[in-house]
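[1] here is a sequence with its predicted model. Questions after.
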Amino acid sequence: MNPEKDMWINEALDSIEGIQPAQSENNFYDKVMQRIESGNRITASETISMANVYKIAAAILLIVTLNAFTCINFSKSKVEQQNLTAFAHEFSLTGNNYNF
């Protein structure tokens, strides 16, 4: 193999020497088991109130309504037609006059 590549591999392998496994608290396992056995109780601070749910739903409904209104009233064809008409008037391409 390539000696530079072998040297790079050996450096990478040597860098992990002296690594120690992670250690946990003394009673970590007991705490975990106690939580599992007690069940998944949700406290009042972990729940979302219905008032907040209604506020979020109202905000989403408002955004969707405004988006639909914008899409309906400002369609691409209207804007394109207005742009083309303005362009034609700017360069006197309306056919109403002759440039000699």
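    Sure, I can see it. Nothing here was measured: the structure is a model prediction, and the numbers come from that model. Numbering: from 1, shown residues only.
[2] tell me what the one helix or strand R35 maps to is packed against?
    Assigned by DSSP states H and E, R35 belongs to helix 28-38. Taking 3 or more C-beta pairs under 8 Å, 6 or more residues apart in numbering; DSSP states H and E as contact, there are no helices or strands that helix 28-38 lies on. All C-beta spots, glycine's among them, are computed from the backbone N, C-alpha and C.
[3] quick one: that helix to chain centroid distance?
    35 Å (C-alpha atoms, centre = their mean, to the nearest Å).
[4] quick one: contacts of it?
    E25 (C-beta atoms under 8 Å, 6 or more residues apart in numbering).
[5] mind listing what's buried along the next helix-or-strand element following it?
    Sequence-wise, the next helix or strand downstream of helix 28-38 (DSSP H and E) is helix 50-73. Buried residues in helix 50-73, defined by neighbour count with 16 or more other C-beta atoms under 10 Å: none.
[6] which other residues reach the very next helix or strand once past helix 50-73?
    Scanning forward in sequence from helix 50-73 by DSSP H and E, the next helix or strand is helix 76-90. Contacting residues not belonging to helix 76-90 are listed as L93, T94 [C-beta under 8 Å, 6+ apart].
[7] for helix 76-90, give the mean pLDDT please.
    On average, the pLDDT along helix 76-90 is 76.
[8] tell me which element L13 falls in.
    Take DSSP H and E as the rule and L13 turns out to sit in helix 3-14.
[9] so how far is I48 from the residue nearest the centre of the chain?
    Most central in the chain under C-alpha atoms, centre = their mean is I60, positioned 16.2 Å from the mean C-alpha point. Taking C-beta to C-beta, to the nearest Å as the measure, I60 falls 15 Å from I48.
[10] do E11 as well
    Remark: distance between E11 and I48 (C-beta to C-beta) = 52 Å.
[11] check Q34 too.
    Distance from Q34 to I48, by C-beta to C-beta: 27 Å.
[12] cool, and A59?
    14 Å.
[13] ok, D30 next?
    32 Å.
[14] same thing with N2?
    As judged by C-beta to C-beta, N2 and I48 stand 59 Å apart.
[15] what does E25 give?
    Counting by C-beta to C-beta, the gap from E25 to I48 is 32 Å.
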